[in-house]
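[1] The following comprises the amino acid sequence and a computationally predicted model.
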Amino acid sequence: MRRALAILLLLPLLASPVAAAPQDPRIFFASGAELALPGGAHQRVLSMLNITRHMSYGDFVWNEDGVPAGSAKAPIWVRIDLSRQLLSVFRGGHEIGAAVILFGSDGKPTPLGRFSILEKDAHHVSNLYDAPMPFMLRLTNDGVAIHAANVRQGWATHGCVGLPPDFAEKLFATARRGDMVVIVSGDAKKA
Amino acid sequence: MRKSLGGMLCASRWWLIWSWAISGFDVVDMMARFGVPDAIPVALRRAMRKAKSSVRRRAGFLWNSRTWKLLLVPTVLMMAADLVLFSGHGADAVTVAKNLSKANLVVALTDPMSLLDARSPGGRGVGPLQQSKPGGPHERVLSEVRDRDPAPSGGPVAGGSPNATGDDDTAPNFRAPSNPFPDTGIAPAGGGSGPGGGFGFPPVNPFAPGFGPASSGGIPTPADIVSNDPPPVDTSTAGDPPPGGGTTPPDDGPTPPGGTPTGGTPTDGGDPPVAVPEPASWALMVGGLLAASLFLRRRRASMMR
């Protein structure tokens, strides 16, 4: 009798209640985590968006839920991972945005390193290519910028970083001049 | 497996139920044996008797029964997990467990790169790429400017991080920005060209006070500007001036004094030209002085009266 009751009490443990639980928007790192920056520096990360699926071209997530109120006015920094084709936006150590990107082709590679946002222009038209580049965040003086683009598989830019337009608009509204942008290869084989 | 792992992590919620069950098993047993109406008083009497030596009985019961030994071990483990995981940021582990496989669980708790790997669409495939610019590549500047030769690993990185080295996430394929025009035939914009140097005129001011003999490569000599004619414009880049240019082919005619007729990106290596009023501005200023003096003279004359 006791064994039967014990087995009955064990059954709920095997049927986990996690399936009915709503998905939390972000994953916190209890002791913090660090992301490597160029130059051997590291940036502390407290939480990341809970995106565990493979994002498709044109996908993005922007969610500031769960970010402490004290970090609301903290400056952002942007991490662009070329090998993973991902851009992540961090504010106060918490990731608030992620998107799939386009980057430069082999002939026009996207430069790697640490940059600052030099200029913002929501309605920029490239005078190099006669092409509109909405929500442009200039990174270099020779034309490399983050801007909205048609992010599709098999496409590439001329060195810029292309973002889905809606995400680019959000990033444009959030970023300020001087905010840090780090472009990393993310590929250990290239190091 | 993931469900089982999540269930283990959430098992502390059942700890109270287990505790109740351990203490109430006898009651349940008697309810089955004597029926519900009679079970309650009987259970109360038995509970009173058991309370005298409850601790010793309970401990002996737990340690003498194989079933409860099997239950006790996971219970203690789950209580420990409860203390660790549900205190502070412990819920993070639960969140991770809900969404990650067991193999990724441990890694994700310490390495955010695993999360990036999980969401990444993958690396760019091999094959021709579609250019995102409409109409294909149509670039106004010469390609030498924007072609970045692959640099050896460990080279400097861009964007003003001279201390950067080439590790995993550094810039192996980028040239230092301190010299954006390193190749031959690319004249440095700092050689006298400034923000105003992109329109085919030398960025010098013959009317500027203190204008004197030029240094080599910088401000032109008076002989260079005596004609007051604009220098010859590079036809390959004439017209709409490209930004960030400042390039001239190696054998592309004479280089105008003070720099190249293209460009427009202010760089280091040259003083910016001094702003000088144009004749219209001079005329307006002189007119203003005359008007002011006339007004003062009239007011003084009226006061004298």
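    Yep, that arrived. Numbers count the residues shown, from 1 in each chain, chains lettered A, B, ... in the order given.

[2] which stretches of chain B have low pLDDT?
    B:1-40, B:52-72, B:81-110, B:126-274 (pLDDT under 70).

[3] Go ahead and list the helix or strand containing residue A:146.
    Using DSSP states H and E, residue A:146 falls within strand A:145-148.

[4] Could you work out the end-to-end span of stretch A:50-60 for me?
    12 Å (Cα to Cα, to the nearest Å).

[5] Equivalent analysis for stretch A:43-58, please.
    Start-to-end, stretch A:43-58 (Cα to Cα) is 27 Å.

[6] ok, now stretch A:160-177?
    17 Å.

[7] now do stretch A:108-120
    Stretch A:108-120 has its terminal residues 22 Å apart, counting by Cα to Cα.

[8] go on, stretch A:129-148?
    Distance across stretch A:129-148, first residue to last, is 15 Å (Cα to Cα).

[9] What are the buried residues along that stretch?
    A:129, A:131, A:133-148 (16 or more other Cβ atoms under 10 Å in any protein chain shown). For every residue, glycine as well, the C-beta is placed using N, CA and C.

[10] residue closest to the middle of chain A?
    Chain A has residue A:88 as the residue nearest its centroid, 1.4 Å off, counting by Cα atoms, centre = their mean.

[11] what sits against it?
    A:48, A:78, A:79, A:80, A:81, A:95, A:97, A:98, B:116 (Cβ atoms under 8 Å, 6 or more residues apart in numbering or on different chains).

[12] Bridge partners for the fourth one, pull those for me.
    Read it as residue A:80. For residue A:80, the beta-bridge partners are residue A:87, residue A:183 (DSSP bridges).

[13] Ok, the first one next?
    Using DSSP bridges, the bridge partners assigned to residue A:48 are residue A:27.

[14] what's the pLDDT at it?
    At residue A:48, the model reports a pLDDT of 87.

[15] Give me the residue ranges of chain A where confidence is low.
    A:1-23, A:187-191.

[16] And the helices in it, which stretches?
    Taking DSSP state H as the test, the helices found in chain A are A:2-14, A:165-174.

[17] Keeping just the C-alphas, turn the shortest one into PDB.
    So the one you mean is helix A:165-174. Coordinates of each C-alpha in helix A:165-174 appear next as PDB, following Å, rounded to 0.1, in the frame of the first residue of the first chain:
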ATOM      1  CA  PRO A 165      13.800  47.600 -41.500                       C
ATOM      2  CA  ASP A 166      11.700  47.300 -38.500                       C
ATOM      3  CA  PHE A 167      14.600  46.300 -36.300                       C
ATOM      4  CA  ALA A 168      16.800  49.000 -37.900                       C
ATOM      5  CA  GLU A 169      14.100  51.600 -36.900                       C
ATOM      6  CA  LYS A 170      14.100  50.400 -33.300                       C
ATOM      7  CA  LEU A 171      17.900  50.400 -33.200                       C
ATOM      8  CA  PHE A 172      18.000  53.800 -34.700                       C
ATOM      9  CA  ALA A 173      15.600  55.200 -32.100                       C
ATOM     10  CA  THR A 174      17.600  53.600 -29.300                       C
END
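
[18] Other residues contacting that helix?
    By Cβ under 8 Å, 6+ apart, the list of residues contacting helix A:165-174 reads A:60, A:62, A:76, A:78, A:89, A:91, A:96-97, A:99, A:120, A:122, A:134-137, A:146-149, A:163.

[19] Identify each buried residue in stretch A:52-64, please.
    A:52, A:55, A:57, A:58, A:59, A:60, A:61, A:62, A:64.

[20] Distance from the chain centre to that stretch, please.
    How far stretch A:52-64 lies from its chain's middle: 9 Å, per Cα atoms, centre = their mean, to the nearest Å.

[21] Would you tell me whether that stretch gets close to chain B?
    Yes: counting by Cβ under 8 Å from any Cβ of the partner chain, chain B has neighbours in stretch A:52-64: A:52, A:53, A:54, A:55, A:56, A:57, A:59.

[22] Serialize those to JSON lines and add fields for distance to residue B:286.
    Shown next, in JSON lines, are the residues of stretch A:52-64 next to chain B (distance: Cβ to Cβ, whole Å):
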{"residue": "A:52", "distance to residue B:286": "74"}
{"residue": "A:53", "distance to residue B:286": "73"}
{"residue": "A:54", "distance to residue B:286": "72"}
{"residue": "A:55", "distance to residue B:286": "67"}
{"residue": "A:56", "distance to residue B:286": "68"}
{"residue": "A:57", "distance to residue B:286": "64"}
{"residue": "A:59", "distance to residue B:286": "65"}
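
[23] For these, which two are the farthest from each other?
    A:52 and A:57 (18.1 Å; Cβ to Cβ).

[24] among the buried residues of stretch A:129-148, which are in reach of chain B?
    Of the buried residues of stretch A:129-148, the ones that also sit near chain B (Cβ under 8 Å from any Cβ) are A:129, A:131, A:139, A:140, A:141, A:142, A:143.

[25] which ones are touching the closest residue in space to residue A:77 that isn't next to it in sequence?
    Spatial nearest neighbour of residue A:77, chain neighbours left out: residue A:180 (4.3 Å); criterion: Cβ to Cβ, 6 or more residues apart in numbering or on different chains. The neighbourhood of residue A:180, defined by Cβ under 8 Å, 6+ apart, consists of A:75, A:77, A:78, A:114, A:115, A:116.
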